[in-house]
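K.L.:
Got a sequence here, can you build the structure:
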Amino acid sequence: MKISGAWWISFLGVLLLAGSGCASRPQPAVAETAVAAPVNQGWVRTELYFALGGWEETALSTEAEERWAKFLDTAVTPRFPDGLSVVEVYGQWRSRKPGAVVQRERSRLLVILHPATAEASAKIEEIRKAWKQPTGEESVLRVSQPADVSF
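P.N.:
Presented below is the predicted three-dimensional model:
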């Protein structure tokens, strides 16, 4: 069987086209193309949950809102002036007292990112105490966990 020259040229063209789809330039690794943000290790994310008023109320009273704003200005911001976040949340909990029922309350979640130091931890405890004493609240929930942060 005799194969024509045109057939060989067509065959080589098909091979070249098929091979070109498989061949590719090496792509740089993600680490080479992405700019990594500097990370500050040894930080803590602390969340504090503050009860402000019963859920059955349609809105927080002006008095409760003013008390919260004053608390932020006098007890929180002086201890952590570099920044924090406040989120309006709904929460529920039950006291440990005998016969206690579930309480549904409008609340505020305070999030503070701070260095993992004894001084910062003590400031957090001062904030909790500063809320519980005048309000008569039984508890201010604290959740702290390690955090890698970048600004």
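K.L.:
quick one, what contacts the closest residue to Glu88 other than its chain neighbours?
P.N.:
Excluding the flanking residues, the one nearest Glu88 by CB to CB, 6 or more residues apart in numbering is Arg108, at 6.4 Å. Any C-beta I mention is one placed from the backbone N, CA and C, and that applies to glycine too. Going by CB atoms under 8 Å, 6 or more residues apart in numbering, Arg108 touches Tyr49, Phe50, Leu52, Trp68, Val86, Val87, Glu88, Val89.
K.L.:
and Arg108, which of the three is it?
P.N.:
Here Arg108 is strand, with the state taken from DSSP: H, G, I helix; E, B strand; the rest coil.
K.L.:
pLDDT wise, what is it at?
P.N.:
pLDDT recorded at Arg108 is 94.
K.L.:
ok, what's across the strand from it?
P.N.:
Beta-bridge partners recorded for Arg108 (DSSP bridges): Phe50, Glu88.
K.L.:
hang on, the earlier thing: where neighbours are concerned, which of the contacts of Arg108 has the most?
P.N.:
Counting neighbours by other CB atoms under 10 Å, Phe50 leads the contacts of Arg108 with 24 neighbours.
K.L.:
part of a helix, is Glu126?
P.N.:
Yes - assessed with three-state DSSP, Glu126 lies in a helix.
K.L.:
sec struct for Lys132, please.
P.N.:
Under three-state DSSP, Lys132 comes out as helix.
K.L.:
So what's the residue count around it?
P.N.:
14.
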